[in-house]
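Peer 1: what's the 3D shape of this:
(chains A, B, C and D)
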Protein chains: 4
Amino acid sequence: MQTKDMIATHPDVKGNVNQDLLQFIDAAYECAQACTSCADACLAEEMVAELRQCIRLNLDCADVCSATATVGSRRTGSNEEVIRKMLEACASACRLCGDECERHASMHEHCRICAESCRRCAKACQAAMKTFESVDSAAAHSGARTSRLGAHRA
Amino acid sequence: MQTKDMIATHPDVKGNVNQDLLQFIDAAYECAQACTSCADACLAEEMVAELRQCIRLNLDCADVCSATATVGSRRTGSNEEVIRKMLEACASACRLCGDECERHASMHEHCRICAESCRRCAKACQAAMKTFESVDSAAAHSGARTSRLGAHRA
Amino acid sequence: MQTKDMIATHPDVKGNVNQDLLQFIDAAYECAQACTSCADACLAEEMVAELRQCIRLNLDCADVCSATATVGSRRTGSNEEVIRKMLEACASACRLCGDECERHASMHEHCRICAESCRRCAKACQAAMKTFESVDSAAAHSGARTSRLGAHRA
Amino acid sequence: MQTKDMIATHPDVKGNVNQDLLQFIDAAYECAQACTSCADACLAEEMVAELRQCIRLNLDCADVCSATATVGSRRTGSNEEVIRKMLEACASACRLCGDECERHASMHEHCRICAESCRRCAKACQAAMKTFESVDSAAAHSGARTSRLGAHRA
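Peer 2: Presented below is the predicted three-dimensional model:
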């Protein structure tokens, strides 16, 4: 992924990137792929009937990770309230999906690898969420254009 | 949209649908389309430079609405914590995008129609969120399969 | 859906909409919802092991319909070669998914309704594809900005 | 990305992966991110009015890459006709978007990096498409479950 180079060259960012948010974006694309594959592999297992909840959580997690990575990639203008809430939803999706995959990890290698991917993404979510805590939430609500998302950790 | 018929025939729902969540799903697909079109129409306006924030919020809102409608459509197993958090993110995305579009409504008809679509979806989000309040959140966390999402308002 | 009003107010379209493409967009959003629900309902059926191929085709069809509806909604600039190829992929996805759902229609009401949704979307795809045939494909390749996608059937 | 490990552990693949399709999947996730970022960075440029076509192609390319990567990640059952057509659409989207970004590469670093990402993904598309040529298309049409997508290049 070239996420860092792409975001660092945004005219409002100018190299001053939010490292934690960048790392989340990469982790979220990876987790979306892993969850898509894990849902698909679970569906092909003989014991598919016992993997229904796992498939459900995998599909939801893939959808939430993709949307959060996309929204989190944008730097024009400002939409911090939505990024924060999507990161919260993504952290939940990854934690719950990781817990469920973990339960099948000893039997299914795809669940073991997917659980690890979910853990990494949940952790990256938490780190990215912390970079938004110092932001004046009133400013975020007003959609102030002066926000410099790239510079949060500068 | 045939959302109601599709969800009512799910084997765990058996006709006992959550009307508010159904109405949200239809509103969210509509809002995703409206926001995709509004971002695209704003981009073609002469005054595009003044519509950057509107385009940004439109694109984010379309992504969040699509993901929330998809996650909210599933009834196999249980993932209520994630649905609730996605509804919260979706309500924010629609409110902020609706506010921004409203500011351009007198100049651009696409912004006026899109603002209405965002308002309807935000309202449908709020109604759907209320149907989750009575749910025992511990049960939601455990991923209990006995949950009957379709029957919340029965 | 307010697709027609949204696209008719695009500054480059000015009311002169491509009716067949509009109808496809609505059909594709509906089909994406139906396929998402059908995959989910099949997963909850006792005979899930026999519905694997149906779930696979449903998930693929939902992804292809969503992407094609989104790409087909844009009117700024020009990208007709990509719209045409996406419509071809979407027609295949809907035909194959409709055929598979049809096979389970007598047993599962969700498959019956979803098959109908796939048929409608495949038909709308075919009609929309025809509106692109008269376009000079060389012009489409060059990405000429003079294209008026809204006016194809004028 | 852990795409290879995820797909190699699918019960129907058993380690016998289609390397070209795997490489395409990784390239498509990367290209989706690059195009999302490039559309967003172009929107923030002073000369945004001259970058409309670039933004349009970037948004379309991101949508097509995401959908193709998702559909291409599935191995349960069979849907080869749809994968092939999505790869064709994706190759077009990447070529056209890469050409347009290339025109702005000397002025905008994000366009230069995105053009490279589009080129890599278009090339990976072509390689992946070749692995489907030897497939009996009649078999693909019938949705035969005996297909072993993982083993195409074995």
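Peer 1: Identify the residues contacting the residue most central in space within chain A.
Peer 2: By Cα atoms, centre = their mean, chain A has its centre lying nearest to A:A28, at 3.7 Å. When contacts are counted by Cβ atoms under 8 Å, 6 or more residues apart in numbering or on different chains, A:A28 touches A:C65, A:S66, A:T68, A:A69, A:G72, A:C90, A:C121, A:A124, A:C125. For every residue, glycine as well, the C-beta is placed using N, CA and C.
Peer 1: can you redo those as TSV with secondary structure?
Peer 2: Output for the contacts of A:A28, formatted as TSV (DSSP: H, G, I helix; E, B strand; the rest coil):
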residue	secondary structure
A:C65	helix
A:S66	helix
A:T68	helix
A:A69	helix
A:G72	helix
A:C90	helix
A:C121	helix
A:A124	helix
A:C125	helix
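Peer 1: Which one of the residues you listed is nearest to chain B?
Peer 2: Comparing those against chain B with Cβ to the nearest Cβ places A:S66 closest, at 7.1 Å.
Peer 1: just checking, the closest one touches B:V64?
Peer 2: No - counting by Cβ atoms under 8 Å, A:S66 stays clear of B:V64, with 11.2 Å between them.
Peer 1: So if I had to pick from these two, which one is more boxed in?
Peer 2: Each of A:S66 and B:V64 has its neighbours counted (other Cβ atoms under 10 Å in any protein chain shown); B:V64 has more, 33 against 26.
Peer 1: helix or strand for the residue nearest to the centre of chain A, which one?
Peer 2: For A:A28, the element it lies in under DSSP states H and E is helix A:19-44.
Peer 1: can you give me the angle that helix makes with helix D:19-44?
Peer 2: Here the directions of helix A:19-44 and helix D:19-44 differ by 140 degrees (axes from the mean of the first three to the mean of the last three Cα atoms, to 10 degrees).
Peer 1: got the buried residues for helix A:19-44?
Peer 2: By 16 or more other Cβ atoms under 10 Å in any protein chain shown, the buried positions in helix A:19-44 come out as A:20-44.
Peer 1: circling back to that earlier point, per-residue confidence for the closest residue to the residue nearest to the centre of chain A other than its chain neighbours?
Peer 2: Excluding its sequence neighbours, the residue lying closest to A:A28 (Cβ to Cβ, 6 or more residues apart in numbering or on different chains) is A:A69, at 3.8 Å. pLDDT recorded at A:A69 is 98.
Peer 1: Run a quick neighbour tally on A:A69.
Peer 2: Neighbours of A:A69 using other Cβ under 10 Å come to 28.
Peer 1: Just to check, it is in contact with D:Q33?
Peer 2: Yes - assessed by Cβ under 8 Å, A:A69 is found in contact with D:Q33 at 7.1 Å.
Peer 1: Show me what the helix or strand A:M6 falls within is packed against.
Peer 2: Assessed by DSSP H and E, A:M6 sits inside helix A:3-8. Where contact means 3 or more Cβ pairs under 8 Å, 6 or more residues apart in numbering or on different chains; DSSP states H and E, helix A:3-8 is packed against helix A:19-44, helix A:52-73, helix D:19-44, helix D:109-130.
Peer 1: now do 6 Å
Peer 2: helix A:19-44, helix D:19-44, helix D:109-130 (3 or more Cβ pairs under 6 Å, 6 or more residues apart in numbering or on different chains; DSSP states H and E).
Peer 1: hang on, the earlier thing: show me the contacts for the residue nearest to A:A28.
Peer 2: A:A69 sits next to A:I25, A:A28, A:Y29 when contact means Cβ atoms under 6 Å, 6 or more residues apart in numbering or on different chains.
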